[in-house]
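>>> sequence first, predicted model second:
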Amino acid sequence: MSKVLVLDGKSIATIAIVRSLAKHEIEVTCGEEFRACPAFFSKYVKKGIVYPSPEKNPDLFIEKIHDLVKNNNYDLVMPVADETTVLLSQYKRELSKFTRIPTPDYDTVMKGRDKARTIKVALENGIPCPKTYFPEVQSLDEIRDSVEYPVLIRPCQSSGARGIRFVDSPERLADEYERVSKLYGQAFIQEYIPNEEGRYNLSALFKQNAEPRAVCVIKGIRSYPLNSGPWSIAQTTENPNILEYGSKLLHALNWYGVACVEFLIDRRDGKPKLMEVNPRFWNAVALDIESGVDFPYMLYKMVVDGDVTPNYSYRSDAKWRWLLPQDILWLFSPPHKWGKVKEFLKFRDKDLHYAVLSRSDPGPTLGVILQSLKFLASKEKRDFMFNRGW
């Protein structure tokens, strides 16, 4: 039987990946830095492995992964979170002696991980972006006096909208920029994009030489925090512009493996504007699977067999809901209106697929509850959950 090691058991994307692979009779081992994580409770996980924190102890993490792949016959290792994706790409050559690592090379991953580098590649290739200002090119004083407010200060490397600051006057720009830089490292400045149509993602799988093998467009319906955080409800849709620009960017990056490209529709000109690339699996991968594009299994087939039959068609009305805890956090976030309660109570929809809840695999729901309790006991995790989601 084929064997795969899937990392980042705390992620809801990992739950979808585990379920997908196991249903194709692939034995799944799952890893995470603590045991009370949702994916470990899935009936589809053959074994759960606790490893050192990839963020706090990257050397020990890589040492553990090296030992695992050396002593087990894993067909491949699938990272899911940013930290594990970056580390596996960085040590891809060493780990590839024992297994397959389905990530681009380290420099390519960092072009996607570093939002400023991504924007520069997009601008070079005619992909619409917000007006962007780089403090390493212009002085902060020059930027302050030339931009139209409001603007956003964005860390070059972050996830889940962490570290983004909204600035509505020149007097606040320098202080906010310094604050973001101290907390998150290098940052850049972008115009604020007014939008009323929400956010769109292009989910994609590319083989060697940046050849597309699967695509799917997703539109966010609601999120927590409002308008900026991870989605709590989303649906598949069709949008030729998102498909064109997202595919063009990944081709320019010479991408390999899975990625998710995020856009906002600018209400002023109706064009999509690039926000960022997630160089990894995305939270709503279960929605893609439900719509007919099984990204985890296609990635497995592409890596193990050398290629996979392309899939560019999908059902464009599938819906996905991250109920626990994301949509509950949305319900209790301001503004508090009766209309939100009525929207929240709409549970019956034949096209709705839940991120975690499953009659056939109920264990991860218990895992989410235990993980939430663990997060509530930690100030760092509590702040992350209540301000940005997982």
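That came through fine. Numbers count the residues shown, from 1 in each chain.

>>> was I right to think Asp288 contacts Val215?
No: the pair Asp288 / Val215 is not scored as a contact, 9.5 Å apart, by C-beta atoms under 8 Å. Every residue, glycine included, has its C-beta placed from N, CA and C.

>>> mutual contacts of these two, please.
Ser203 (C-beta atoms under 8 Å, 6 or more residues apart in numbering).

>>> of the two, who's got more company?
Using other C-beta atoms under 10 Å, the more surrounded residue of Asp288 and Val215 is Asp288, with 32 against 23.

>>> mind listing the residues bridging to the spatially closest residue to the more buried one that is not a sequence neighbour?
Of all residues not flanking Asp288 in the chain, Cys216 sits nearest, at 4.7 Å (C-beta to C-beta, 6 or more residues apart in numbering). Per DSSP bridges, the residues bridged to Cys216 are Ser203.

>>> can you pull the contacts of Cys216?
Leu202, Ser203, Ala204, Thr236, Asp288, Ser291, Val293, Phe295, Tyr314.

>>> quick check, nearest of those to Asp75?
Using C-beta to C-beta, Phe295 is the member of the contacts of Cys216 that lies nearest Asp75, at 16.6 Å.

>>> tally of neighbours for Glu178?
Neighbours of Glu178 under the rule other C-beta under 10 Å: 13.

>>> which residues does it contact?
With C-beta under 8 Å, 6+ apart, Glu178 has no contacts at all.

>>> host element of it?
Assigned by DSSP states H and E, Glu178 falls within helix 170-184.

>>> quick one: that helix to chain centroid distance?
Chain-centre distance of helix 170-184: 25 Å, with C-alpha atoms, centre = their mean, to the nearest Å.

>>> list the buried residues in it.
Within helix 170-184, the residues that qualify as buried are Arg172, Leu173, Glu176, Tyr177, Val180, Ser181, Tyr184, counting by 16 or more other C-beta atoms under 10 Å.

>>> what's the answer for stretch 38-57, then?
For stretch 38-57, burial by neighbour count (16+ other C-beta under 10 Å) applies to Pro38, Ala39, Phe40, Phe41, Ser42, Tyr44, Val45, Gly48, Ile49, Tyr51, Pro52, Pro54.

>>> also stretch 303-315?
Using 16+ other C-beta under 10 Å as the test for burial, stretch 303-315 gives Val303, Val308, Asn311, Tyr314.

>>> these in strands, which ones?
Residues of the buried residues of stretch 303-315 located in strands (DSSP state E): none.

>>> from those residues, which ones fall inside helices?
Among these, DSSP state H puts Val303 in helices.

>>> mind picking the two most distant members of the buried residues of stretch 303-315?
Farthest apart among the buried residues of stretch 303-315 by C-beta to C-beta are Val303 and Tyr314. That separation is 21.4 Å.

>>> tell me the SS of Lys10?
Classification of Lys10 by DSSP: H, G, I helix; E, B strand; the rest coil places it in coil.

>>> residues near it, how many?
Neighbours of Lys10 (other C-beta under 10 Å): 24.

>>> can you give the domain ranges for the protein?
Listed by automatic domain parsing, the domain ranges of the chain are 3-102, 131-191, 199-357.

>>> centre of the chain to the shortest one, how far?
Going by C-alpha atoms, centre = their mean, the spacing between the C-alpha centre of domain 131-191 and its chain's C-alpha centre is 22 Å.

>>> pLDDT averaged over that domain - what is it?
Regarding domain 131-191, the rounded mean pLDDT is 91.

>>> repeat that for stretch 291-310.
Here the average pLDDT along stretch 291-310 is 98.

>>> from Ser181, how far off is Arg165?
Arg165 sits at a distance of 11 Å from Ser181 (criterion: C-beta to C-beta, to the nearest Å).

>>> from the buried residues of helix 170-184, which is closest to Ala22?
Closest to Ala22 out of those is Tyr184 (36.8 Å), distances taken as C-beta to C-beta.

>>> does the closest one touch Gln157 like I think?
Yes: counting by C-beta under 8 Å, Tyr184 does reach Gln157; the two are 7.1 Å apart.

>>> just to revisit the earlier point, which two among the buried residues of stretch 38-57 are spaced furthest apart?
The distance between the two most remote of the buried residues of stretch 38-57 (C-beta to C-beta) is 24.7 Å, for Tyr44 and Pro52.

>>> what's the span of stretch 323-336 from first residue to last?
18 Å (C-alpha to C-alpha, to the nearest Å).

>>> which ones are touching Ser313?
Gly292.

>>> let's see 10 Å
Going by C-beta atoms under 10 Å, 6 or more residues apart in numbering, Ser313 touches Ala214, Val215, Cys216, Ser291, Gly292, Val293.

>>> likewise for Cys156?
110, 113-119, 134, 163, 181, 184-188.

>>> contact partners for Gly292?
Shown in contact with Gly292 (C-beta under 10 Å, 6+ apart): Ala214, Cys216, Thr236, Asn311, Ser313, Tyr314, Arg315, Ser316, Ala318.
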